[in-house]
Structures are given as structure tokens and as C-alpha cells.
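Undergrad: quick check, what structure comes out for this input:
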Amino acid sequence: MLFSKDGRWVQITQLGGTAGTLGLHLVSAIIVGLVIGYFLDDYFGTKPWMIMIFFIVGVVAGFKMVFEDFRKLQRREEARKASSLKQDGEEGAGQDEPKA
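TA: Have a look, this model is predicted:
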């Protein structure tokens with residue numbers, strides 16, 4: 001069924017959206033670094049150096065943004081699991097304790 005009540009499609013679209021932004025962040029940071037390096041090279045006349053430096057800066061910035069997105073995904077998943085335990089009530093949480 002296309003619209004199920006268990007929220008699978010919501011989870012799939014959220015995960016797909018986050019995965020799409022991961023690649024976008026990485027590529028856009030590298031392109032911005034290359035453009036800045038190109039214009040600084042043109043302005044100062046240091047042809048290959050600024051492009052190389054800002055390419056590396058762009059790669060580092062891109063991976064930093066990807067790492068932050070992974071942390072957001074992890075926090076979202078932990079919050080979802082915690083809310084599902086709260087919905088289960090007493091039976092779901094603390095099953096390792098014996099009942100008296």
C-alpha cells in the first residue's frame with residue numbers, strides 16, 4: 001500500500017533527503033573552494049597554488065559537513081528509538097528487570 005500507517009514512507013523520504021544532501025555538501029564545498037582559489041590565483045598571479053590550497057580546504061569542509069549530517073542522522077534515529085520505547089510503555093522499557 002502506498003500510504004501505510006506505520007510511517008515507513010516518512011522514514012524513507014527523510015533518509016533519502018539526508019543522503020542526497022550528503023553528496024551535495026561534499027561537491028558544493030569542493031566547487032566553492034576551487035572557485036575561490038581560481039579567483040585568488042588570478043588576482044595575485046600565483047597560478048596553481050591558491051587553487052590547490054583551496055581545493056584541499058574545500059575537501060576538508062565537505063567532509064566536515066558530511067560528518068555533521070551523519071551525526072544528525074544518528075541523533076534522529078536515537079530519538080526515534082527512544083520515542084518508540086515510550087510508546088510501548090512499561091512492557092517495552094526495562095524488560096531485563098524481573099517482576100515481583
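
Undergrad: list the buried residues for stretch 59-74?
TA: 61, 62, 65, 66, 69 (16 or more other CB atoms under 10 Å). Using the backbone N, CA and C atoms, a C-beta is placed for each residue, glycine as well.

Undergrad: so what secondary structure elements neighbour the helix or strand hosting the second one?
TA: Residue 62 is part of helix 47-88 when elements are defined by DSSP states H and E. With contacts defined as 3 or more CB pairs under 8 Å, 6 or more residues apart in numbering; DSSP states H and E, the secondary structure elements packing on helix 47-88 are helix 8-44.

Undergrad: now do the helix it packs on against helix 47-88, angle only.
TA: 160 degrees (axes from the mean of the first three to the mean of the last three CA atoms, to 10 degrees).

Undergrad: just the mean pLDDT for helix 8-44, thanks.
TA: Helix 8-44 carries an average pLDDT of 90.

Undergrad: chain center to it, what's the gap?
TA: Centroid separation for helix 8-44 versus its chain: 11 Å, with CA atoms, centre = their mean, to the nearest Å.

Undergrad: which parts of that helix are buried?
TA: 22, 25, 26, 29, 30, 33, 34, 36, 37, 41.

Undergrad: show me what it is packed up against.
TA: helix 47-88.

Undergrad: next up, the contacts around the spatially closest residue to residue 57 that is not a sequence neighbour.
TA: Nearest in space to residue 57, with sequence neighbours left out and distances taken as CB to CB, 6 or more residues apart in numbering, is residue 33 at 5.2 Å. By CB atoms under 8 Å, 6 or more residues apart in numbering, the contact list for residue 33 reads 54, 55, 56, 57, 58, 59, 61.

Undergrad: same question for residue 78.
TA: For residue 78, the contact set (CB under 8 Å, 6+ apart) is empty.

Undergrad: any idea how far it is from residue 16?
TA: As for residue 78, its distance to residue 16 is 20 Å (criterion: CB to CB, to the nearest Å).
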